[in-house]
Structure formats: C-alpha cells, structure tokens
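1. A structural model of the following input is requested.
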Amino acid sequence: MRFKQNQIERARRKVFGVAMPTIANTFFVVLNNGLNTIVEENGDILITLIANYDQELQNAQVQKFIDEKVDFIFIIPVDSETVKPALEASREAGIPVINIDTPVYDKELVLSIISSDNYKIGTLIGLDLIQRLNSAKIVIIDFPESVSTTNRVNGFMDIIKDKPQYEVVEILPGDTQYLNSKKAMESVIDSGIEFNVVMAVNDLSAFGAMDALDEAGINSGILIYGVDGSPEAKRLIAQGKMTASVAQSPNELGMYSAEMAYVYLEGKPISDRIFIPVYLIDQQNVYDYGLISWN
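-> Predicted coordinates for the structure are as follows:
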C-alpha cells in the first residue's frame with residue numbers, strides 16, 4: 001500500500017499505522033492480517049512499516065506516521081526499552097498508541113497493552129516438563145531485550161525454582177530468530193554440556209535449536225519446547241520431532257487490537273492491560289487445532 005494517500009480519500013477515511021519488528025516470522029504476518037481485516041471492514045486504511053529488528057529504524061518509522069498525521073498507531077517494539085522516544089513523540093503529537101504482543105517498559109506512554117499472557121506461557125511449559133521428566137538439565141534459548149520473552153522465561157523458572165532436580169545449565173540469546181538460535185544451540189553442543197531439554201522462547205528459536213541437534217545427530221531423547229503454535233510447529237509435534245508449543249493466536253491478537261482502537265476512537269474507555277488466551281499444544285491434542293493454519 002502506498003504510504004501517501006490522496007488527500008480527499010484521507011479526509012473521509014481513518015488512517016492507522018502499525019510498526020512491525022519483522023515479517024520474517026509469519027506470526028507477525030498473521031497478526032498484521034488480523035489488524036487489516038478489522039480496519040478494512042470499517043472502510044479505513046492500514047499502513048504497515050517493517051523495522052527488520054532495528055529499533056532506531058522503528059522509531060523513525062513511528063515519526064513518519066506522526067508526520068503524516070495518522071489517526072492511530074499500533075506498535076510491536078523491537079526493543080521494549082529503547083522504543084521509548086517513539087512513544088514519547090506519539091504522546092506529544094496526541095496520537096493514541098496500542099502496544100501489541102511485546103510489552104513496552106514505559107506503560108504510561110501507551111493507551112493499552114494487548115498481548116498473550118507471557119508469564120503463563122512459561123508456566124505451562126514448566127508444568128508440562130515436570131509431568132514428563134523427574135529431573136532435567138535444561139538449555140534456554142532466550143531474547144532478553146523483549147519483555148514478553150523475559151516473562152516467558154520467568155514463568156518457566158518460577159515453576160522449577162524450588163526443584164533442584166531441574167537444572168538450567170545454559171541460557172543463551174537467540175533473538176527469536178532461526179539462525180541466531182541455531183548458532184546458540186551449536187555453541188552448547190560444542191561445549192559438551194549435558195542437557196535433555198531445550199526451552200525456546202518462540203517457535204523459530206526452537207526450529208533453529210532442533211536443526212542444530214539434527215545436524216549433530218543428537219536429537220534423540222531431547223525435549224524441545226517452543227512458543228507460538230505455528231503451523232510448522234504443529235506438524236513437527238504431530239511427527240514427534242518437537243515436544244510442545246504454547247499457542248498464541250496472532251489473528252485474534254490483531255483483530256482484537258483493532259477493535260479496541262475503534263472502541264477508543266468512539267470515545268469509550270478500554271482497559272490498559274488485556275490478555276489473549278494461550279494453551280499448550282502437544283501430540284495428544286495437536287490434531288484438535290489443525291496442522292495447516294494459525295489458530
């Protein structure tokens with residue numbers, strides 16, 4: 001979609017901007033489609049800009065939205081902390097912002113945070129693990145720059161914190177990206193550290209870790225957890241290659257966020273914190289959710 005719209009057209013249609021961290025992960029593509037579904041149903045315009053995991057670029061993209069005088073901004077930050085200048089600029093310009101998926105640190109600068117319950121995501125993985133194994137040596141593929149992934153790890157750690165038989169032997173950043181996570185897993189393998197569980201903070205990270213294990217020929221008997229409930233994860237779970245993934249619904253996340261924007265623009269209040277339900281998918285229930293689509 002062209003960034004600049006015909007002035008007559010814009011006079012009768014609201015314009016929404018969404019600042020995305022990436023579209024390399026289909027989770028964000030589906031989320032964007034959910035936003036666009038509601039915006040188009042209302043006869044309005046959604047402009048999507050992609051930062052490719054560059055927070056400085058994302059801040060500049062938000063400033064571009066401000067300069068174009070959009071009516072509303074959605075943001076999924078690259079970095080929960082250094083997105084602050086973009087939020088401050090939006091506040092100064094009087095443009096409301098809904099923060100989606102990855103919570104920002106400066107919550108007072110956004111109208112609402114709409115996301116999955118990321119702490120619960122971590123607890124679901126932890127509870128599943130202790131049901132499967134009496135003890136474990138665990139590798140965590142993390143992304144500490146993001147509040148959402150940090151909360152996932154915190155939830156997981158709180159389940160096992162008083163259980164010394166469940167030991168975290170390594171925590172490495174994978175940046176929620178396939179290649180970085182694969183490299184992180186390769187470094188663990190090369191170090192000779194013993195482990196039998198991989199807890200990855202999203203599905204792409206789990207895929208990277210899984211491929212590193214496959215290439216090293218040591219994938220047998222290792223539990224691999226991801227987060228998102230992506231179609232590829234569900235197929236791997238069905239095949240017994242991946243243990244489980246805690247599913248989010250990016251389409252629902254996008255649609256609901258857009259719906260809340262319209263509620264606000266109609267002059268009605270919305271909650272400053274909204275959670276979208278999450279659920280664990282494993283081999284026992286994977287076919288209940290379908291293998292070819294996001295839920």
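2. I figured V197 hits V139, correct?
-> Yes - contact status for V197 versus V139: in contact at 7.1 Å, counting by CB atoms under 8 Å. Glycine gets a C-beta too; all of them are placed from N, C-alpha and C.
3. Poorly predicted segments of this protein, please.
-> Scanning the chain for pLDDT under 70 picks out 1-11, 295.
4. Report the separation between the spatially most central residue of the chain and S191.
-> In the chain, the centroid-proximal residue (CA atoms, centre = their mean) is D101; its distance is 5.6 Å. Between D101 and S191 the distance, using CB to CB, to the nearest Å, works out to 33 Å.
5. How about residues contacting stretch 82-92?
-> 19, 55, 58-59, 62-63, 65-66, 73, 75, 77, 96-97, 104-106, 109-110 (CB atoms under 8 Å, 6 or more residues apart in numbering).
6. Stretch 42-55 now?
-> Outside of stretch 42-55, the residues within contact range by CB under 8 Å, 6+ apart are 1, 3, 5, 10, 13-24, 32, 35-36, 39-40, 57-58, 61, 64-65, 70, 77-79, 82-83, 175, 177, 262.
7. List only those of those flagged as buried.
-> Buried members of the contacts of stretch 42-55, scored by 16 or more other CB atoms under 10 Å, are 10, 14-22, 32, 35-36, 39, 57-58, 61, 65, 70, 77-79, 82-83, 175, 177, 262.
8. Among those residues, which are located in strands?
-> Secondary structure assignment by DSSP state E places 15-20 of the buried ones among the contacts of stretch 42-55 in strands.
9. hmm, back to that, where helices are concerned, which of the buried ones among the contacts of stretch 42-55 count?
-> Per DSSP state H, helices hold the following members of those: 10, 32, 35-36, 39, 57-58, 61, 65, 262.
10. Would you state the strands of the stretch 101-250 of the chain in chain order?
-> In chain order, the stretch 101-250 of the chain shows strands spanning 112-116, 136-142, 166-173, 197-200, 223-228, 244-247, with DSSP state E, counting those that start in this stretch as the criterion.
11. okay, the ones you listed in JSON lines with distance to I130 next?
-> Listed next are the strands of the stretch 101-250 of the chain as JSON lines, based on distance: least, CB to CB, whole Å:
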{"stretch": "strand 112-116", "distance to I130": "22"}
{"stretch": "strand 136-142", "distance to I130": "8"}
{"stretch": "strand 166-173", "distance to I130": "7"}
{"stretch": "strand 197-200", "distance to I130": "11"}
{"stretch": "strand 223-228", "distance to I130": "11"}
{"stretch": "strand 244-247", "distance to I130": "13"}
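12. Can you give me the distance of I45 to K183?
-> 40 Å.
13. who's more crowded, those two?
-> I45 (20 against 15; other CB atoms under 10 Å).
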